[in-house]
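Engineer: below are the sequence and a predicted model; questions follow.
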Amino acid sequence: MKTKLKLAVYLIAGLLFSFSANAQKTVIKKEDLPANAQTFLKTHFGSKKPSYILKDKEILSTEYKVKFGNEIEIEFDKKGNWKEVDGKNAKIPKSIVPKKIASYIKTNFPKEKVTKIEIESSGYETKLTNGLELKFNLKEDFVKIDK
């Protein structure tokens, strides 16, 4: 019985290793991004040139990462929909923050700027210049402060 259990553990470990070994990160051009990602970059960053663009391809998923200078990093899913915009403690473009969320922040934290925004299946998470993290649902309604 122990032998079968050990064999199963080794088999699972081997499969996990082979999946991770097949992951590939490659540098690509802006034109090689999905159309949604290209539109997002043009809308919010104009003609600003990225430092690099990576395509992270794994067995079951593909993601893209765009980096501008030492600050802003954007993650897109395989369809080119943004998942996260991280300013690394510098403010991100106001145009990225949904209007209802931006209005809430302006009203309740008038001196603060958004340095990071992430969209997940449950809603949005934003980080402000003062370090507070605010959570919003998918309807962009405020849910809670996360520290």
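Structural biologist: Thanks, I have it.

Engineer: check contacts around the most centrally placed residue in the chain.
Structural biologist: Note on the chain: the residue nearest the mean C-alpha position is residue 84, at 2.4 Å, using Cα atoms, centre = their mean. Under the criterion of Cβ atoms under 8 Å, 6 or more residues apart in numbering, the contact list for residue 84 reads 73-75, 116-119. All C-beta atoms are positioned from the backbone trio N, CA, C, and that covers glycine.

Engineer: what do you get for residue 74?
Structural biologist: 40-41, 65-68, 82, 84-86 are the contacts of residue 74 under Cβ under 8 Å, 6+ apart.

Engineer: would you convert those residues into TSV that also reports pLDDT and distance to residue 110?
Structural biologist: Shown next, in TSV, are the contacts of residue 74 (pLDDT from 0 to 100; distance: Cβ to Cβ, whole Å):
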residue	pLDDT	distance to residue 110
40	95	27
41	94	29
65	95	32
66	95	30
67	95	30
68	90	27
82	96	26
84	97	25
85	97	21
86	96	23
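
Engineer: and which of these is nearest to residue 92?
Structural biologist: residue 85 (5.1 Å; Cβ to Cβ).

Engineer: is it true that that closest one touches residue 92?
Structural biologist: Yes. The criterion here is Cβ atoms under 8 Å, and residue 85 meets it with residue 92 at 5.1 Å.

Engineer: out of the contacts of residue 74, which is nearest to residue 59?
Structural biologist: Set against residue 59, the nearest of these by Cβ to Cβ is residue 65 (18.2 Å).

Engineer: quick check: pLDDT value at the closest residue to the closest one other than its chain neighbours.
Structural biologist: Nearest residue to residue 65 in three dimensions, chain neighbours excluded: residue 54, at 4.5 Å (Cβ to Cβ, 6 or more residues apart in numbering). At residue 54, the model reports a pLDDT of 92.

Engineer: state the distance from residue 54 to residue 116.
Structural biologist: From residue 54 across to residue 116, the span is 19 Å (Cβ to Cβ, to the nearest Å).

Engineer: more neighbours, those two?
Structural biologist: Using other Cβ atoms under 10 Å, the more surrounded residue of residue 54 and residue 116 is residue 116, with 20 against 15.
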